[in-house]
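> After the sequence you'll find the predicted model.
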Amino acid sequence: IAFHTHFTASNDLIRCTPNQIKQACIAMIVNASEAMPSNSNGEIILHTFNQDKETVCLSITDNGKGIDKDNIPHIFEPFYSTKHEASGIGLGLAIVHGIISSHKAKIEVTSEPGVGTSFHITFPLTDQNSLKNA
């Protein structure tokens, strides 16, 4: 699996618990790597950008098997899993959703079976002054 980065956000200062954000990102990257067919040239792309002056977006995109549209509304539910042949009990994305929500951010997913999946996390930006006053 090839990993690519495309960090274009000019402002990326957020208020967060770094270990929780790291845990969420690792969980999504592990899911992306597990979605790769074993006989393909898998790619995972990490991309940051500013949608506007108040937010920064982190996208994690893969070219794996994708998620069926009927499953997408359920992927953040605890114990929901489509990985019947793999390990795991369906808590990874539920935990990710909880972490992202606790940071006043939002997470969205787009996916197409046979093409891949993208998770888009949008964080509210903070400024240096608000960090000094905290």
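Sure, I can see it. All values derive from a computational prediction rather than experimental measurement.
> Do you have the helices of this structure handy? List them.
Using DSSP state H, the helices of the chain run over 18-34, 92-102, 128-132.
> Quick check, central residue of the protein?
The centroid of the chain falls nearest to residue 119 when counting by Cα atoms, centre = their mean (4.3 Å).
> need the contact list for that residue.
By Cβ atoms under 8 Å, 6 or more residues apart in numbering, the contact list for residue 119 reads 28, 59, 60, 61, 107, 108, 109. Every residue, glycine included, has its C-beta placed from N, CA and C.
> go on, residue 43?
1, 2, 3, 4, 62, 63.
> Any chance of a markdown table for the residues you listed, columns distance to residue 74 and pLDDT?
Converted to a markdown table, those look like this (distance: Cβ to Cβ, whole Å; pLDDT from 0 to 100):
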| residue | distance to residue 74 | pLDDT |
| --- | --- | --- |
| 1 | 26 | 89 |
| 2 | 30 | 91 |
| 3 | 28 | 93 |
| 4 | 29 | 96 |
| 62 | 19 | 95 |
| 63 | 23 | 94 |
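> Farthest pair within those residues?
Using Cβ to Cβ, the contacts of residue 43 span at most 12.1 Å, a distance reached by 3 and 63.
> Compare these two and say which is more crowded by neighbours.
residue 63 (21 against 12; other Cβ atoms under 10 Å).
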